[in-house]
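# Sequence and computational prediction follow.
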Amino acid sequence: MLRIAVIGAGRIGHVHARSVANHPQAQLVLVCDPIGDAAEKLATQYGARSCKEADEVFTDPEVDAVIIGSPTHLHLPQLIAAAKAGKAVLCEKPVAQEVSQVEAVQADLDQITTPVMFGFNRRFDPSFAAVKKGVDEGAIGDLEQLTIISRDPSAPPASYIKVSGGIFRDMTIHDFDMARNFLGDIVEVNASGQNFVPEIKAEGDFDAAVVVLTAADGKVATIINNRRCASGYDQRLEAAGSKGALFAENVRPSTVRLNNAEVTNAEAPYLDFFLERYEAAYTHELGAFIEAVTTGSDPRPNLQDAVEALRIADAATTSAHEGHPVRLDA
């Protein structure tokens, strides 16, 4: 039984707390959040203790592992503190706002010996994982092109955009990790940013984007993002190869379709947002983390995966703002 603490009692903290509480090999023992009574309320739901200071998590002898769901600027210092205290770590993305921030603490990161895994949960989505398995088993021959579509149902407020790090580090970074998972090392990034929401443009960010990633062996991934989508949370993936293609379509609450005089093949809306759409992915992610910790295997995605995804995000930001491709192998 792995005894786990969750840092952050916001939206993502609730997801992780529920996953831990429902896992037969895990026990939620502590929830930490400095704001109001957020930690206490969440902890009470699952019979756990609460605290406001993260240092209490790192020094608690009853905590074996820590899930970090705090704001991005706290990810690195909390990850390092937890690891130094001998705790295994599952940290939400991104690892930092910029790669330079990682490089500044590289000496501390090099000293880490406890398991560290990053929360790129979409690797563990059953549909996406099935496509990856099919590719690996040669179901479509040699993979040539990957297309990832990721559109949110509505744009976040400008106050969030201001501290998000930008669309490529906040949103597209999930897709960058997915592309690396399929294609391996990325050598060129070409991004085009779009603005349809004035409030987001005013913050100097994009609310939509198209990114083309080129891998070392010539394979290409195309990523299509939008902060808003009238039809809901649009999450699709296509892998095209020399002998066929694999598709992962949107998930709906049921497979029922309606035909009548007004509509044909009308279906229920897509699952509302990431909390519902990726609930199974979070469960499988936690299972992979627990297995890595208990067996001593290397957890994936790991710290290097997180850094590489952030490196692509930095390059995409430069590409979109300056209007030219960026090489990562220069």
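Ah, there it is.

# My guess is P94 contacts L310. True?
Yes. P94 is within contact range of L310, at 5.2 Å (criterion: CB atoms under 8 Å). All C-beta atoms are positioned from the backbone trio N, CA, C, and that covers glycine.

# Mind listing the shared neighbours of the two?
Listed as contacting both P94 and L310 by CB atoms under 8 Å, 6 or more residues apart in numbering are R169, I173.

# In the stretch 151-300 of the chain, where is pLDDT below threshold?
Applying pLDDT under 70 to the stretch 151-300 of the chain flags residues 275.

# Strands of that one, start to end?
186-194, 208-215, 220-226, 234-241, 244-248, 257-258, 266-267 (DSSP state E, counting those that start in this stretch).

# Serialize the ones you listed to TSV and add fields for mean neighbour count.
Formatted as TSV, these follow (neighbours: other CB atoms under 10 Å):
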stretch	mean neighbour count
strand 186-194	20
strand 208-215	20
strand 220-226	21
strand 234-241	20
strand 244-248	16
strand 257-258	12
strand 266-267	12
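
# Out of those strands, flag the one nearest G323.
Closest approach to G323 among the strands of the stretch 151-300 of the chain (CB to CB): strand 186-194, 8.4 Å.

# Give me the contacts around the closest one.
167-168, 176, 179-180, 206-216, 221, 308, 312, 315-317, 319-321, 324-329.

# can you check stretch 49-63 too?
Taking CB under 8 Å, 6+ apart as the rule, stretch 49-63 contacts 3-5, 7, 29-34, 39-40, 42-44, 66, 70, 74, 78, 81-82, 84-85, 87.

# Can you go through those and name the buried ones?
The neighbour count (16 or more other CB atoms under 10 Å) marks 3-5, 7, 29-33, 39-40, 42-43, 66, 70, 74, 78, 81-82, 85, 87 as buried among the contacts of stretch 49-63.

# by contact count, what packs against the longest helix anywhere in the chain?
Ranked by residue count under DSSP state H, the longest helix found in the chain is helix 303-322. Here helix 303-322 touches helix 99-104, strand 116-118, helix 167-170, helix 173-183, strand 186-194, strand 208-215, strand 326-327, going by 3 or more CB pairs under 8 Å, 6 or more residues apart in numbering; DSSP states H and E.

# Just the buried positions in the first one, please.
The neighbour-count criterion (16+ other CB under 10 Å) identifies V99, V102 as the buried residues of helix 99-104.

# which strands and helices sit next to that helix?
Using 3+ CB pairs under 8 Å, 6+ apart: helix 99-104 touches helix 303-322.

# can you give me the angle the helix it packs on makes with strand 186-194?
50 degrees (axes from the mean of the first three to the mean of the last three CA atoms, to 10 degrees).

# Now do stretch 297-316: everything it contacts.
Residues from elsewhere that reach stretch 297-316 (CB under 8 Å, 6+ apart): 91, 93-96, 98-99, 102, 109, 112, 115-118, 120, 123, 166, 168-169, 172-173, 176-177, 179-181, 185-186, 189, 191, 209, 211, 213, 288-289, 291-293, 326, 328.

# Got a ChimeraX select line for the buried ones in these?
Those of the contacts of stretch 297-316 that count as buried under 16+ other CB under 10 Å are selected in ChimeraX with:
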select :91,93,94,95,96,98,99,102,109,115,116,117,118,120,123,166,168,169,172,173,176,177,179,180,181,186,189,191,209,211,213,288,289,292,293,326,328
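
# So which of the contacts of stretch 49-63 belong to helices?
Residues of those located in helices (DSSP H): A39, E40, L42, A43, T44, Q78, A81, A82, K84.

# got TSV for these, with distance to G244 and pLDDT too?
Shown next, in TSV, are those (distance: CB to CB, whole Å; pLDDT from 0 to 100):
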residue	distance to G244	pLDDT
A39	50	97
E40	53	97
L42	46	97
A43	49	98
T44	51	97
Q78	44	98
A81	48	98
A82	44	98
K84	49	97
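
# which of those sit farthest apart?
T44 and K84 (29.7 Å).

# ok so, going back, need the helices and strands packed on helix 303-322 in CSV with distance to A245, can you?
Shown next, in CSV, are the helices and strands packed on helix 303-322 (distance: least, CB to CB, whole Å):
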stretch, distance to A245
helix 99-104, 34
strand 116-118, 29
helix 167-170, 27
helix 173-183, 13
strand 186-194, 21
strand 208-215, 18
strand 326-327, 29
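
# Out of those, which gets nearest to K133?
Comparing those by CB to CB, helix 173-183 comes nearest, at 11.4 Å.

# can you list contacts of that closest one?
93-94, 120-123, 128, 132, 135, 143, 146, 148, 150, 168, 186, 211, 213, 215, 219, 221, 223, 225, 237, 239, 301, 305-306, 308-310, 312-313, 316.

# what angle sits between it and helix 303-322?
120 degrees.

# Just the angle for helix 173-183 relative to strand 220-226, thanks.
Per the same axes, to 10 degrees, the angle that helix 173-183 makes with strand 220-226 is 160 degrees.
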